[in-house]
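**Student:** The following block contains a protein sequence and its predicted model.
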Number of protein chains: 2
Amino acid sequence: MESTTAAEERPASGTARARRPRAATAERREEILSAAMRTFGSRGYHNGSLAEVAEQVGITHAGVLHHFGSKDRLLIAVLEFRDRVDVEHLEGQHIPEGLELFRHLVRTARMNEDRPGIVQAYTAITGESVTDGHPAADWVTERFRVLRESIGTALSEVAAERSVEVDLDRATLDRAASAIIGVMDGLQSQWLLDPEAVRLADSTAFAIEAIMSATLAGSARATLPLAQPEEHTGDS
Amino acid sequence: MESTTAAEERPASGTARARRPRAATAERREEILSAAMRTFGSRGYHNGSLAEVAEQVGITHAGVLHHFGSKDRLLIAVLEFRDRVDVEHLEGQHIPEGLELFRHLVRTARMNEDRPGIVQAYTAITGESVTDGHPAADWVTERFRVLRESIGTALSEVAAERSVEVDLDRATLDRAASAIIGVMDGLQSQWLLDPEAVRLADSTAFAIEAIMSATLAGSARATLPLAQPEEHTGDS
DNA sequence: ATCAACTTACTAACTCGTCAGTAAGTGTGG
DNA sequence: CCACACTTACTGACGAGTTAGTAAGTTGAT
């Protein structure tokens, strides 16, 4: 992040003239960000071109670069913009706590059934981000990290509310939290590819409930002998 | 077109000559497929080039095109090749049934912790496949469909074994099956981006157990009031 | 001698990014 | 209040690079 406002530029006794964006610029930049979201969603980041983004707002690709400098920085800006919009849209300006967070997650899944475009953008970018040196990798990683922490904390709050006496250490909470995030993302992929075959919101709600139940019930006493945490095999 | 000696090749009138590949060709093609798997995994499909694939086996990109015709067909061949290898590697040539399937899924997750390359390839291709007109979309969609059916069937087998008297209709089984597939894929994304923070196999085992438990216990009597299947809100 | 399995050479299409130029907007000194 | 100084917000042209795909020629196995 660099200079935007500060009065640091005073090279000589001269006159520092107008140095601020115009009135309609913020709006125009948001148009570009929306267009970029559409393009990166439908074509992916690498395959989506600046020209296609530019065309949607009626300028050339050089005009887009004028605002964002490079394609990588445009992607980052898109992601940060979505973060801002998503948080603002939340009435209260903060992430819900406790059980309310899980209700929020299910509500979001239900809303997402009516906006496949946004789901597609998130899924495409997240999927691409696992490739080497992808510009969105840091953002996605951090997003996952924050989500894990929020969900883990919310889980322990729910446990406290219900005075469950299972010991919920960080490892257990993280395991459940990453599973919940995973199931949400994984269901989105399946749903995008085959909307008829997958009930996005219902499956999400079901899975979250299942994972919460298992966590609060104490997963160590599971009824199914699947996990063998100590096994290590070192073959090819 | 007068092959007087061999009376074995005469499929129809005219066009087909003696058209057989050489001995080492099958092997060479598999080298190319392995190289393509590596490249598509680390760079993604669109961003990975034929030249990089070719370089790994010591030929030029035109040589790769000689064998597979186009980049799209190479991708399809890679996916079909992995299918064949994965099934062959399974001792028995068929997918396990009943509880054994779930043990197999967890074992696979545990194995995958030692082969991030393959996980990366699957994750990258699956992620990219949700973009418009992607050549892998059909393959991924079909793979999900088959997996949902296998897992759903296995779930009902487990229920029958334990003589659970919950009614497990297709919708319920599909819901659980897609959740299990989702959590496996979603955990892989998180794990690839941050291997220190996510325990791939443990989280997978935990989530599968949780979802199985909830399904067999009858999800309708859940302890958490999250799912509101009839709610429809039409706000912005 | 024929054909698979290449290579070399090439094309046409795209890509992002840079640059110079320009019209229009903005703040300030006088 | 207005002309000048200066910036923003572009356009259009272009460069450098990369890409998949084609066409034609070469070599060596069978």
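**Tutor:** Thanks, I have the structure now.

**Student:** Which residues are in contact with the most centrally placed residue in chain A?
**Tutor:** Nearest to the geometric centre of chain A sits A:R143, at 5.7 Å (C-alpha atoms, centre = their mean). The contact partners of A:R143, taken as C-beta atoms under 8 Å, 6 or more residues apart in numbering or on different chains, number zero. Where you see a C-beta, it was placed from the backbone N, CA and C, and this is true even at glycine.

**Student:** Find out how far the helix or strand containing A:I211 is from the centre of the chain, if you would.
**Tutor:** Taking DSSP states H and E as the criterion, A:I211 maps to helix A:200-217. Centre-to-centre, helix A:200-217 and its host chain are 20 Å apart (C-alpha atoms, centre = their mean, to the nearest Å).

**Student:** Over to stretch A:121-131?
**Tutor:** 10 Å.

**Student:** quick one: that stretch near DNA strand C?
**Tutor:** No: Stretch A:121-131 stays clear of DNA strand C (C-beta under 7 Å from any atom of the strand), getting no nearer than 13.8 Å.

**Student:** Now that stretch - C-alpha only, CSV.
**Tutor:** Extracted C-alpha coordinates of stretch A:121-131, given in CSV (Å, rounded to 0.1, in the frame of the first residue of the first chain):
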residue,chain,number,x,y,z
ALA,A,121,-16.3,-17.0,-9.1
TYR,A,122,-15.4,-18.1,-5.6
THR,A,123,-15.1,-21.8,-6.6
ALA,A,124,-13.1,-21.1,-9.7
ILE,A,125,-10.7,-18.8,-7.9
THR,A,126,-10.3,-21.1,-4.9
GLY,A,127,-9.7,-24.0,-7.2
GLU,A,128,-7.1,-22.2,-9.3
SER,A,129,-5.4,-20.9,-6.2
VAL,A,130,-3.8,-24.3,-5.4
THR,A,131,-1.6,-24.1,-8.5
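
**Student:** ok, and does that stretch reach over to chain B?
**Tutor:** Yes: contact of stretch A:121-131 with chain B (C-beta under 8 Å from any C-beta of the partner chain) involves A:123-124, A:126-131.

**Student:** who's in contact with that stretch?
**Tutor:** A:37-38, A:40-41, A:44-46, A:75, A:79, A:82, A:134, A:136-137, A:139-141, A:185, A:188-189, A:192, B:41-44, B:47, B:120, B:123-124, B:126-128, B:130-131, B:189, B:192-193.

**Student:** residue contacts, the nearest residue to A:L147 once chain neighbours are set aside?
**Tutor:** Excluding the flanking residues, the one nearest A:L147 by C-beta to C-beta, 6 or more residues apart in numbering or on different chains is A:I181, at 5.4 Å. Listed by C-beta under 8 Å, 6+ apart, the contact partners of A:I181 are A:144, A:147-148, A:151, B:186, B:190.

**Student:** Going by neighbour count, list what's buried in the worst-scoring helix or strand of chain A on mean pLDDT.
**Tutor:** The weakest-scoring helix or strand in chain A, judged by mean pLDDT, DSSP states H and E, is helix A:71-89 (a mean of 93). Neighbour counts over helix A:71-89 (16 or more other C-beta atoms under 10 Å in any protein chain shown) mark A:71, A:74-79, A:81-82 as buried.
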